[in-house]
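Colleague: with the sequence up front, the predicted model follows.
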Amino acid sequence: PYNSALPDLIAGVKKALQNNDSAAAAVKVQEYLEEQENIPLNIAITGECGSGKSTFVNAFREIDDKDEGAAPTGVVETTSEVAAYTHPNFPNVMLWDLPGIGTTKFPADKYLELVGFEKFDFFIIISDTRFRENDVKLAQEIQRMKKKFYFVRSKIDNNIRAERRKRDFSAEGTLTKIRDDCIQGLQRQGVVSPQVFLVSSFELHLYDFSLLHETLERELPAHKRDTLLSVMPNISLEIINKKKKAFQSKIKYYSILSAAVAGVPVPLLSAAVDLGLMVAVVSKYVAGFGLNKSSLERLAASSGVPYTDLSSVIKSKLSAEKTTIELILKLLVSAATIVASMAAEEATRWIPVFGIVASMSLSFITTYKALNYFLNELADDAQKVFNKALAYYLMKPLCVLIKLFLKDCIGLGVLLFRHR
């Protein structure tokens, strides 16, 4: 994602440095980073009334249906207008909850025009049963407009729960049956090689949500992929590791910015910029890994794991407190080599000619080391939080069985006591 505009950036920075204008070089790097960090992503969620569109929007944003700012949900159609919902941690990402297709206000033949299809990067077409004629018409029209669309079969948890009562129940068999039924239904209506993703908005870590993400990641334009990854819920260790890798790939650009600023002969300017830069970048890490207080509270509410249990496994103070320059400095003190580099950078700045070059090199190394240090700590914490939530989820069925067993034992004890 960062490579497409890189040649222009390198040429611009090189020219500025050749003219001894480190300030201009710093501005170019800063503009480049801001542009890359604010790439917009607009996701359209559509389908027939009551298919679970709004619940999916909320789940993707990792918020509860009852939270402030949630898309309204209910047993009747709750989306009567095109509604945009910003991701709580990444305002450049918008999920658009579209009204049901085929309503009086939004007839199928004028649907795309009425919802303003041009602004959307891709469409997710949702159904909680089988995909019907209007869904197929919409998919064909989206395809004609050269846009991407994906079929999502929602409320899979309801189907699994209903089928579980049967004597010959098989989770894999049920999923295969639902998927084949949807695919065959779409093929009969003229959709060639349809791909259907089975999803439960209440259990995103199960079924096909990970496969949906992989498909989107593969088919999105290169410059949009990191934006999508940044808002993906941490439903697997693989996604956490992908986020870490994406964050890591950008550290060199922040370090270049730091080095460019170090070439400006103003006392303490580089240290001030470096610390401010670290605060901004680390805040993105915390939000991206879902380690800020609001994200952990939402995870606690959705997973059933107490907030205190989730926060107890977090070791880095960057997650527990608001990221400030004071906190960054406090944590850097524990990393002696990084602090030494910052001090050396300021000391060498005033050695003629060589001093500026040395100062720029040290600034690059300091920022590079510090951001990697913070990133590793936060990625470890994200993995611990995920494992804690997963362990709780896996233990839930066992806890239910134990409770039922104890209830039966108590009942049997009472019965035996009465017949003494």
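Modeller: Received, thanks.

Colleague: all strands of the stretch 101-250 of the chain, in order?
Modeller: Ranges of strands within the stretch 101-250 of the chain are 122-127, 148-153, 196-198, based on DSSP state E, counting those that start in this stretch.

Colleague: please, which helix or strand holds residue 33?
Modeller: Applying DSSP states H and E as the criterion places residue 33 in helix 22-37.

Colleague: and the helix or strand just after that helix, how far out from the chain middle?
Modeller: Helices and strands here follow DSSP H and E; after helix 22-37, the next one along the chain is strand 41-47. The chain centre lies 16 Å from the centre of strand 41-47; the measure is C-alpha atoms, centre = their mean, to the nearest Å.

Colleague: do me a favour and average the pLDDT over strand 41-47.
Modeller: With pLDDT averaged residue by residue, strand 41-47 scores 93.

Colleague: same check on stretch 228-239?
Modeller: Rounded to a whole number, the mean pLDDT of stretch 228-239 is 91.

Colleague: what's the answer for stretch 152-166, then?
Modeller: Averaging pLDDT residue by residue across stretch 152-166 gives 92.

Colleague: measure that stretch end to end?
Modeller: Across its full length, stretch 152-166 reaches 25 Å end to end, with C-alpha to C-alpha, to the nearest Å as the criterion.

Colleague: ditto for stretch 110-120
Modeller: Stretch 110-120 stretches 16 Å from its first residue to its last (C-alpha to C-alpha).

Colleague: show me what counts as buried in it.
Modeller: 111, 112, 115, 117, 120 (16 or more other C-beta atoms under 10 Å). Every C-beta, even on glycine, is put in place using the N, C-alpha and C of the backbone.

Colleague: and what of stretch 228-237?
Modeller: When neighbours are counted by 16+ other C-beta under 10 Å, the buried residues of stretch 228-237 are found to be 228, 229, 230, 231, 232, 233, 234, 235, 236.

Colleague: stretch 247-262 now?
Modeller: Under the neighbour-count criterion of 16+ other C-beta under 10 Å, stretch 247-262 has 247, 250-251, 253-262 buried.

Colleague: same question for stretch 175-186.
Modeller: Of the residues in stretch 175-186, those scored as buried under the neighbour-count criterion (16+ other C-beta under 10 Å) are 175, 178, 179, 182, 183, 185, 186.

Colleague: what does stretch 95-114 give?
Modeller: For stretch 95-114, the buried set under the neighbour-count rule, 16+ other C-beta under 10 Å, comprises 95-103, 106, 108, 111-112.

Colleague: related to what we said a few turns ago, redo the strands of the stretch 101-250 of the chain as a markdown table? Include distance to residue 28 and mean neighbour count.
Modeller: Formatted as a markdown table, the entries for the strands of the stretch 101-250 of the chain read as follows, by distance: least, C-beta to C-beta, whole Å; neighbours: other C-beta atoms under 10 Å:
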| stretch | distance to residue 28 | mean neighbour count |
| --- | --- | --- |
| strand 122-127 | 32 | 24 |
| strand 148-153 | 33 | 22 |
| strand 196-198 | 41 | 23 |
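
Colleague: quick one, which of these gets closest to residue 33.
Modeller: Between residue 33 and the strands of the stretch 101-250 of the chain, the shortest separation by C-beta to C-beta is 25.7 Å, and it involves strand 122-127.

Colleague: with just CA atoms, put that closest one into CSV.
Modeller: As requested, the backbone C-alpha atoms of strand 122-127 are provided in CSV (Å, rounded to 0.1, in the frame of the first residue of the first chain):
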residue,chain,number,x,y,z
PHE,A,122,-17.8,-2.8,-2.2
PHE,A,123,-21.2,-4.2,-1.3
ILE,A,124,-22.1,-7.0,1.2
ILE,A,125,-25.5,-8.5,0.4
ILE,A,126,-27.1,-10.1,3.4
SER,A,127,-29.9,-12.7,3.7
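
Colleague: name the helices or strands packed onto that strand?
Modeller: Counting contacts by 3 or more C-beta pairs under 8 Å, 6 or more residues apart in numbering; DSSP states H and E, strand 122-127 is packed against strand 41-47, helix 53-60, helix 133-144, strand 148-153.

Colleague: strands paired with the first one, and their directions?
Modeller: Taking DSSP bridges as the criterion, strand 41-47 pairs within the sheet with strand 93-97 (parallel), strand 122-127 (parallel).

Colleague: next one: the shortest one
Modeller: In the sheet, strand 148-153 lines up against strand 122-127 (parallel), strand 196-198 (parallel) (DSSP bridges).

Colleague: pretty sure residue 155 sits against residue 200.
Modeller: Yes. Distance between residue 155 and residue 200: 6.9 Å, which falls inside the contact criterion (C-beta atoms under 8 Å).

Colleague: does the nearest residue to residue 100 once chain neighbours are set aside sit in a helix, a strand or a coil?
Modeller: Leaving aside its sequence neighbours, residue 100 sits nearest to residue 49 (C-beta to C-beta, 6 or more residues apart in numbering; 3.7 Å). Here residue 49 takes the coil state, with states given by DSSP: H, G, I helix; E, B strand; the rest coil.

Colleague: how many other residues sit next to residue 49?
Modeller: Neighbour count for residue 49, taken as other C-beta atoms under 10 Å: 15.

Colleague: also residue 140?
Modeller: For residue 140, the tally of surrounding residues (other C-beta under 10 Å) stands at 14.
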